[in-house]
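Participant: when you get a sec, could you give me coordinates for this:
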Amino acid sequence: DAERSEAFKPTDRDNIHDAVRKSEGGFHALNVAVKNHLRAWYLATAQSLAEQQGRTEQAAEALNNLASVLDDFGEHDKALEFHERALKVYLALHGEQHPNTAGTYNNIAIVYDRKGDHERALEGFERALRIRLAVLGEMHPDTAATCHNMAVAYHAQGDYGKALEFYERALKIKVAVHGEQHSDTASTYN
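Facilitator: Okay, the predicted model is just below:
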């Protein structure tokens, strides 16, 4: 927080704080500016690292992480671009039937769901689920996560019957894998 910043001399701190308070937007504007600069630096650094890694597991992971950050910032189209790049790397490295490929399909579907394109989200979740069932089996936390995500998408579409079906399926897996008292189990009860 800018108000708790330190300076070399107390008078420096007072002068800086006075100048910030008098500026348009004050400390809030300063905090927003710092956040935006850090965000831009992170995105540029992460993109550079991903490009340096080439078509490796680490590059795909970095691309997926970068996409998730972009999605959190509301930059859904840019997030999709980076998830798609990660997907191409995973497909080249592992093919379709791999947990990381399924995870990336799931990530892409999450972005579509956040954009309000629930049909495309469900297509991605269904693809991820088919792979996860084939590779990981029914009783796996990642399978439960995709079932939960599908329930959320169906709920957003107003298809409460399908939503309930997938919430119950996710809950069954989570109880079997984690037990009743685990936070992942609680998130499905919620």
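Participant: which residues are in contact with whichever helix or strand Glu119 is part of?
Facilitator: Per DSSP states H and E: Glu119 is located in helix 118-135. Residues outside helix 118-135 that contact it (Cβ atoms under 8 Å, 6 or more residues apart in numbering): 96-99, 101-103, 105-106, 108-110, 112-113, 140, 142-143, 146-147, 149-150, 153-154, 156-157. In short, each C-beta sits where N, CA and C put it, glycine included.
Participant: tell me the angle the helix or strand following that helix makes with helix 118-135.
Facilitator: Going down the chain from helix 118-135, the next helix or strand is helix 141-157, by DSSP H and E. Orientation check (axes from the mean of the first three to the mean of the last three Cα atoms, to 10 degrees): helix 141-157 against helix 118-135 gives 160 degrees.
Participant: for helix 141-157, enumerate the helices and strands it packs against.
Facilitator: Helices and strands touching helix 141-157, by 3 or more Cβ pairs under 8 Å, 6 or more residues apart in numbering; DSSP states H and E, are helix 99-115, helix 118-135, helix 160-178, helix 183-189.
Participant: what is the neighbour count of Leu122?
Facilitator: 22 (other Cβ atoms under 10 Å).
Participant: cool, the one 3 residues further on as well?
Facilitator: Taking other Cβ under 10 Å as the neighbour definition, Phe125 ends up with a count of 29.
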